[in-house]
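In: Predicted coordinates and the sequence they were generated for:
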Amino acid sequence: MKKRNDIIIRHSPVERINHWAVVICFLFTAISGLGFFFPSLNWLMNIFGTPQLSRILHPFAGSVMFFLFVFMFFRYFKHNLINRDDIEWAKNIHKVLRNEEAGDIGQYNLGQKGIYWSVSLCLFLLLISGIIIWRPYFAEYFPIPLIRIALLVHSLAAVGLILTIIIHAYAAFWVKGSVRAMVEGWVTRGWAKKHHPRWYREMVKQEQQKEKE
């Protein structure tokens, strides 16, 4: 780890633990769900031990994932509101694709905000549709036509979530230092200044205020 005056804390231990707990739940639900959806991938249902256990535990793991994400949703909500700087970032997407940042970016750029809102929407749809089709607890309270619609929504939302997470993971590995931030919690000052200049200035200002106290 670098010297303490060369780094900035980006994610607290609680945030990192919560993030990886969501990742674990996602892997269990996504893998078992793919086993349900594609006959050729039925063997994936063994992730919970047996196909029978997967059918029982899949909705419970999905529910845990949703409620863990609720913490992340409210924790990061104010940092993911769209502003003018995000429009500037979008206009200079060609620079971003060359791993060059554009615009006065805060804690998250427009791409990261898109991931946040996409995951939020997909998980909400998965929860609602999942409750409707959840046997033997809730499905009997809903009419068959609604259950069929819920199955379609659940499948589409699941595909959307998986694709979003793949993009999120790719971006994390593509931008050097991002994975370390979620594993160890810190980034270098140079990384922060390059990728999130407005957030960097805010953190420096907070440090200066603490030194004065």
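Out: Here it is on my side, so go on. A quick note: this is a predicted structure, and the numbers were derived from the prediction, not measured. Residues are numbered from 1 along each chain as shown.
In: alpha carbons only for contacts and neighbour counts from here, please
Out: Noted.
In: List the contacts of stretch 105-119.
Out: The contact list for stretch 105-119 (Cα atoms under 8 Å, 6 or more residues apart in numbering) reads 73, 79-82, 85-87, 89-90, 161, 164-165, 168, 195-200.
In: Okay, and which of the residues you listed map to helices?
Out: 73, 85-87, 89-90, 161, 164-165, 168, 195, 197-200 (DSSP state H).
In: Can you tell me which of the contacts of stretch 105-119 are buried?
Out: Neighbour counting over the contacts of stretch 105-119 (16 or more other Cα atoms under 10 Å) leaves 73, 80, 85-86, 89-90, 161, 164-165, 168, 195-200 as the buried ones.
In: now the helices for the chain?
Out: 13-37, 51-76, 84-91, 93-96, 110-133, 144-174, 178-183, 189-195, 197-212.
In: Let me know how buried Glu211 is, in neighbour terms.
Out: By other Cα atoms under 10 Å, the residues close to Glu211 number 8.
In: so who does the nearest residue to Leu125 once chain neighbours are set aside touch?
Out: Ranked by Cα to Cα, 6 or more residues apart in numbering and with sequence neighbours excluded, the top spatial neighbour of Leu125 is Ala157, at 6.4 Å. Listed by Cα under 8 Å, 6+ apart, the contact set of Ala157 reads Cys122, Leu123, Leu125, Leu126.
In: Quick one: those as JSON lines, columns for pLDDT too.
Out: Listed next are the contacts of Ala157 as JSON lines, based on pLDDT from 0 to 100:
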{"residue": "Cys122", "pLDDT": "98"}
{"residue": "Leu123", "pLDDT": "97"}
{"residue": "Leu125", "pLDDT": "98"}
{"residue": "Leu126", "pLDDT": "98"}
